[in-house]
Every structure is written in C-alpha cells, then in structure tokens.
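Peer 1: Structure for this input, please:
(one chain, ligands or ions: 2)
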Amino acid sequence: MSLPRCLTIAGSDSGGGAGIQADLKAFAALGVYGMSALTAVTAQNTIGVQAVFELPATLVAQQIDSVVTDIGVDAVKTGMLANAEIIAVVAEKARTYRWPYLVVDPVMVAKSGDPLLRPEARTALISLLFPLATIVTPNLPEAKALTGLNISSVAEMEQAAQQIHALGPRWVLVKGGHLAGDSVDVLYDGHEYRYFSSSRIETRHTHGTGCTFASAIAAGLAKGLSVPEAVQAAKDYITLALQHAPGLGQGHGPVHHFAAWYR
Ligand SMILES: Nc1ncnc2c1ncn2[C@@H]1O[C@H](COP(=O)(O)OP(=O)(O)O)[C@@H](O)[C@H]1O
Ligand SMILES: Cc1ncc(COP(=O)(O)O)c(N)n1
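Peer 2: Residues are numbered from 1 along each chain as shown. Ligands and ions are numbered 1, 2, ... in the order given. Below you'll find the predicted structure:
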C-alpha cells in the first residue's frame, strides 16, 4: 500500500506545540508522510510569541513547487499564512496543482493573543483561499472575526457556519474549544449540520489544538476517509492528545501527539 502524503503550509513554532511542528507530529502519529512549506519563523513558547519573521512569498512558492513536483501530495493543510502576499501564492499553487483536498485553518491570533496574520490580509484569506478549500476550520474567535457574530451557543455556531459556507468552502467546521461546557464542533456542508462532541477536558494545556486537529483532518482525507469520517477520526485523536497533555512549560502547554503509544 502506498503511504498517503500530506503537506502543511504554516509557520514554525519553536516551542514545538503548534504550527509546522504540531502538524508534522500529527501526520506522523496518524500514519501519513508529512512535508512542510514554512511561511514564517516564530520565536514562541507556551507563554507567548516573542518574535515573528515572515519568509519571502517567493520562497514559500519554491518550497511548495519542490515537494509537489517531485513527491506529490494527497492533501494539503494551511495554518499561519502571515500576510496577503503568501496567501496569494498559496491560492495560485492550489489552482495550478488542483490538490485533491485543501484544509484551511484560518489562523489569525495565537492562544496567547499574539497576531499571526496581518489584519489587512483577512480579506485575501476569504476571497482567494476560502473558495478553493475542501474545509475551513475556524475556532470561535475566528468565526466571530469572519462573520461579526457573537458566538456562545451551538445555535450561533450553526449561524456562523452558514455565513462562512457562503464565502465559498465546500465544508465549514466551527470548533467549540472556546465554548462553555461540552466541546462541540459543528460541521456544515450547505445542507446539513453534523455535531462532534466530547466532554470538556479541564486543562490549560491547549496550545496547538487547532493546528493538530486540522492536520489530523487532512491526514484522514489523504487516507481516503469522507469529510465527516475524517473529522470524527480527528476529534478522537485530539481528545486523546488533550487528555494526555504532558504539562510542559509555564503557560498553555502542548498536547500529547503520540498519546496512543506513550502515556
Ligand atoms: N478543553 C477541551 N476539552 C475538549 N476538547 C477541546 C478542548 N479544547 C479544545 N478542544 C477541541 O480541540 C479541537 C480544536 O479546537 P479549538 O481549541 O477551538 O481550536 P483552536 O486551537 O484553533 O482555538 C476541537 O475539536 C475542540 O472541540
Ligand atoms: C506558528 C503558529 N501557528 C499557529 C498557532 C496557533 O495555535 P494556538 O491557537 O494554539 O496558539 C501558533 N500559536 N503558532
């Protein structure tokens, strides 16, 4: 059997819990071959982001070309894209190469509150990348930024999912990690809502949950799962990873990407 291939286009987190590092760990844990195109280097830990250096958009394009033309990809996941120029490059490559699956995690602000996308780049994300996406995975603050809605209930998550779906992606998953009570994620395809629920895990170690979750969805799609099946498999994976968070660092620590093996 050939090994499914996944590419992440995202920023580096020196702390190893989010960004490219989380994505590659999730890919490895879920049995797919991981590749990366870096958009930015952050000096970051569990407390916050101390520095950001954005890479030239031409270098992002070259990294994508290098891996796609040689190794090939079955699914692509995007995370921190930093600015509008990089978003334009990623959209152009998505159109050129016609990837089977494109998972867009619309990363805007880190858990620590530090910005990861220039505010003026939001319109580029929506207009250039959303229409090409298989699935877009906003958390509640991102869903609020995209729709202007205040979201604190599942009914409001449904409303946000509908509005974001109208921006062009085939599927929308509004994530409920920031909800009070159970952690419910709402998936919408323009016709039907599906719900993915888990009990809330009482932990402050949630650094990189969104990156890890979106990468797990891409891994499932690369393996041939349907979108709802890939979301359920990713939900099971992130729940176990959160339950076994190693408690590293003084702030929001990482999850345990390999909890199924070592805990
Ligand atoms: N404390 C928690 N308990 C259970 N599940 C959680 C918790 N925090 C996040 N999740 C789950 O982790 C995934 C990522 O969600 P979220 O934390 O909202 O993303 P982000 O990292 O982008 O803010 C979702 O499936 C969400 O439901
Ligand atoms: C390079 C990079 N990419 C993404 C995130 C978002 O992760 P989180 O929302 O858990 O801070 C991050 N902190 N750093």
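Peer 1: In the stretch 51-200 of the chain, mark out all the strands, start to finish.
Peer 2: With DSSP state E, counting those that start in this stretch as the criterion, the stretch 51-200 of the chain has strands at 75-78, 102-104, 135-136, 171-174, 183-188, 193-198.
Peer 1: Throw these into a markdown table and include mean pLDDT, distance to ligand 2 and mean neighbour count, thanks.
Peer 2: C-betas here are computed from N, CA, C, even on glycine. Listed next are the strands of the stretch 51-200 of the chain as a markdown table, based on pLDDT from 0 to 100; distance: least, C-beta to the nearest ligand atom, whole Å; neighbours: other C-beta atoms under 10 Å:
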| stretch | mean pLDDT | distance to ligand 2 | mean neighbour count |
| --- | --- | --- | --- |
| strand 75-78 | 98 | 10 | 28 |
| strand 102-104 | 98 | 13 | 28 |
| strand 135-136 | 98 | 15 | 28 |
| strand 171-174 | 98 | 15 | 28 |
| strand 183-188 | 97 | 14 | 22 |
| strand 193-198 | 96 | 17 | 15 |
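Peer 1: of all these, which lies closest to T209?
Peer 2: Closest to T209 of the strands of the stretch 51-200 of the chain is strand 183-188 (C-beta to C-beta; 9.6 Å).
Peer 1: Next, the angle from the closest one to strand 193-198.
Peer 2: For strand 183-188 against strand 193-198, the angle by axes from the mean of the first three to the mean of the last three C-alpha atoms, to 10 degrees is 160 degrees.
Peer 1: Does strand 183-188 pack against any helices or strands, and if so which?
Peer 2: Using 3 or more C-beta pairs under 8 Å, 6 or more residues apart in numbering; DSSP states H and E, the elements in contact with strand 183-188 are helix 154-165, strand 171-174, strand 193-198, helix 227-243.
Peer 1: Now do the first one and strand 183-188, the angle between them.
Peer 2: Read it as helix 154-165. Angle of helix 154-165 versus strand 183-188, following the same axes, to 10 degrees, is 40 degrees.
Peer 1: and helix 154-165, what's its mean pLDDT?
Peer 2: What helix 154-165 shows for mean pLDDT is 98.
Peer 1: Near ligand 2, which residues of the protein are found?
Peer 2: Residues of the chain lying near ligand 2 by C-beta under 6 Å from any ligand atom: 10-11, 13, 18-19, 42, 44, 79-80, 107, 110-111, 116, 207-211.
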